[in-house]
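> Output the structure for:
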Amino acid sequence: MAALLKKFGGLPVLALVVLAIYPFAPVVDWALEAATGQALHIDRQLVNIFIFSILALALNLQVGQAGLLQLGIAAFFAVGAFTTGVLTVEKYPFQIGFWGAILISPLAGAIGGFLLGAPTLRLRGDYLAIVTLGFGEVMRIVLLNLENITDGPRGLNPVPAPWLPTLVRDAMSPAGDASIGTLRAMYFLALIVLAATVVCLKLLERSRIGRAFVALREDELAASCMGIEPARIKLAAFTGGAALAALAGCFYATNLTTTAEPNTYDFNYSIMVLCCLIIGGLGSIRGALLGAALLLGFDNVISPLLTRLLQTALGGESTHVMASFSNWRWIVFGTALVVMMRLRPEGLWPSSPQAEELHESAGEA
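Numbering: from 1, shown residues only. Got it, this is the predicted structure:
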């Protein structure tokens, strides 16, 4: 424990311990229920936050660390979800379960990333962004029209819950409640995979290839003069990020018990994840986690709570469009982004070198 605290910092380890304990002692749920009379079941929302944190880390590998402006991360998210659906639902003969899908889905995402990246990574900046944006929309339309495989707008379902040994399943299910056991299983699986992803990316960041990502992001010409092959490094970042996004998609489909319809994986998902990085800090692992926690926490926890409070203040259920906070939360997101870019362009929790660089640039200006 002491070694972990020293290497990764005390706060992340403390947060991991608190999150591991929370399902058994949901103090925030108890407090909110006592204050509002309604339970929010934050542990269910945390599973979604963990999944999108993995997706944010995937995009951070491509955009934040390697400097590749990627606007189609939702496409690889969808690849992971639908690969999981094809491999697990009863409609198909494979039915290899969650544990098989969690291995094959990232592989499918990596193959997709390689096939897209190999011919397009010679493009830079806005041109690469346009290509990846277009790929995301094309992937969505393809999944929507391949009804024989994806069931079109219905999506594939039911995606089965992960298989667990009887001893573990019984420990997760108080009084034999299978639904709570399944929820807790997904909670701890997503948390463990998120923690493992953070550790792996932290080690990658300190490795030779991680330093090559940063060199490429800062100055591609200088990096190539130092013996770094830009095409190979870009492709490695693009493929790795796509694999991580597909892994998040695997968890997303399993948690929902359905792949959801293809239109779910639209451009809004890609922009939302990019906003997580901008708020937290591009190129910062801790910033990506903080941005995902703030944005998804606001969307999944604060927004429903505010909606309930608004409706209570208006005398119960109201049909007025402004009575639902969810209808104008994008105004809050947009305002937050403008304020962030104006007052703190490095993000709330940037990496130390990036923060120093931006503050030096501001001082010179």
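> from here on, contacts and neighbour counts on C-alpha atoms
Noted.
> I'd like to know how many residues surround Q65.
Using other Cα atoms under 10 Å, Q65 has 24 other residues around it.
> tell me the SS of the residue lying closest to it once chain neighbours are set aside?
Once flanking residues are discounted, Q65 sits nearest to G283: 4.8 Å by Cα to Cα, 6 or more residues apart in numbering. Classification of G283 by DSSP: H, G, I helix; E, B strand; the rest coil places it in coil.
> Return the residues in contact with G283.
Shown in contact with G283 (Cα atoms under 8 Å, 6 or more residues apart in numbering): 60-61, 63-65, 277, 350-351, 354.
> And for T254?
84, 98, 159-162.
> go again using 6 Å as the cut-off
Contacts here follow Cα atoms under 6 Å, 6 or more residues apart in numbering; on that basis T254 touches V159.
> Keeping just the C-alphas, turn the strand or helix carrying A223 into CSV.
Under the criterion of DSSP states H and E, A223 resides in helix 220-225. Output in CSV follows, covering the C-alpha atoms of helix 220-225 (Å, rounded to 0.1, in the frame of the first residue of the first chain):
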residue,chain,number,x,y,z
GLU,A,220,6.4,16.2,-35.2
LEU,A,221,9.3,17.5,-37.3
ALA,A,222,11.7,17.6,-34.2
ALA,A,223,10.5,14.1,-33.2
SER,A,224,11.2,12.6,-36.6
CYS,A,225,14.7,14.2,-36.5
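> Find the nearest non-adjacent residue to Y22, please.
Spatial nearest neighbour of Y22, excluding adjacent residues (Cα to Cα, 6+ apart): D43 at 7.5 Å.
> Helix, strand or coil: sort out that neighbour for me.
Taken by three-state DSSP, the conformation at D43 corresponds to helix.
> what's the distance between it and G85?
Distance of D43 to G85, given as Cα to Cα, to the nearest Å: 24 Å.
> The two: who's more crowded?
Neighbours per residue (other Cα under 10 Å) separate D43 from G85, with G85 holding more: 33 against 19.
> how about that one, phi and psi?
With angles defined as degrees, to the nearest 10, G85 sits at phi -60, psi -50.
> Return the residues in contact with it.
By Cα under 6 Å, 6+ apart, the residues touching G85 are L156.
> Give me the pLDDT for it.
What the model reports for G85 is a pLDDT of 97.
> Show me what counts as buried in the helix or strand L144 falls within.
Element membership for L144, per DSSP H and E: helix 125-145. Buried residues in helix 125-145, counting neighbours by 16 or more other Cα atoms under 10 Å, are found at 128-137, 139-140, 143-144.
> List the contacts of it.
Contact with helix 125-145 is made by 69-72, 75, 152-153, 262, as judged by Cα under 6 Å, 6+ apart.
> do that again at 7 Å, thanks
Residues outside helix 125-145 that contact it (Cα atoms under 7 Å, 6 or more residues apart in numbering) are 69-72, 74-75, 150, 152-153, 262-263, 265-266.
> Same question for stretch 200-219.
Residues contacting stretch 200-219 (Cα under 7 Å, 6+ apart): 65-67, 223, 228, 230, 233.
> Out of the residues you listed, which end up buried?
In those, the ones that pass as buried (16+ other Cα under 10 Å) are 65-67, 223, 228, 230, 233.
> Among those residues, which ones are in helices?
In helices, defined here by DSSP state H, the members of these are 223, 230, 233.
> List the contacts of the last one.
Think I233. Contacts of I233 (Cα under 7 Å, 6+ apart): F213.
> Apply 10 Å and report the result again.
Counting by Cα atoms under 10 Å, 6 or more residues apart in numbering, I233 touches 66, 209-210, 212-213, 216, 239.
> What of L69?
Here L69 is in contact with 59, 62-63, 124-130, 132-133, 274 (Cα under 10 Å, 6+ apart).
> Just the closest of those residues to Y187, please.
Nearest to Y187 among those: L59, at 22.1 Å, using Cα to Cα.
> mind checking pLDDT for the closest one?
At L59, pLDDT is 97.
> Who are the contact partners of it?
With contact taken as Cα under 10 Å, 6+ apart, L59 is in contact with 53, 65-66, 68-74, 237-238, 240-242, 244-245, 270, 273-274, 276-277, 282-283, 288.
> ok, of those, which come out buried?
53, 65-66, 68-74, 237-238, 240-242, 244-245, 270, 273-274, 276-277, 282-283, 288.
> Pick the one among the contacts of helix 125-145 closest to A20.
A74 (28.3 Å).
> That closest one touches G241, doesn't it?
No: judged on Cα atoms under 10 Å, A74 makes no contact with G241 at a distance of 11.5 Å.
> picking that back up, quick check, nearest of the contacts of G283 to L343?
P350 (13.8 Å).
> distance of the closest one from G283?
7 Å.
> Return every residue with contacts to both of the two.
Common neighbours of P350 and G283, counting by Cα under 10 Å, 6+ apart, are L277.
> do you know how far L295 is from A196?
Distance, L295 to A196, using Cα to Cα: 22 Å.
> These two: which has the busier surroundings?
L295 (21 against 12).
> May I have the secondary structure class of A292?
A292 ends up helix, using three-state DSSP.
> Is it correct that it is in contact with I49?
Yes: at 6.8 Å, A292 counts as touching I49 under the criterion of Cα under 10 Å.
> Overlap in contacts, those two.
L55.
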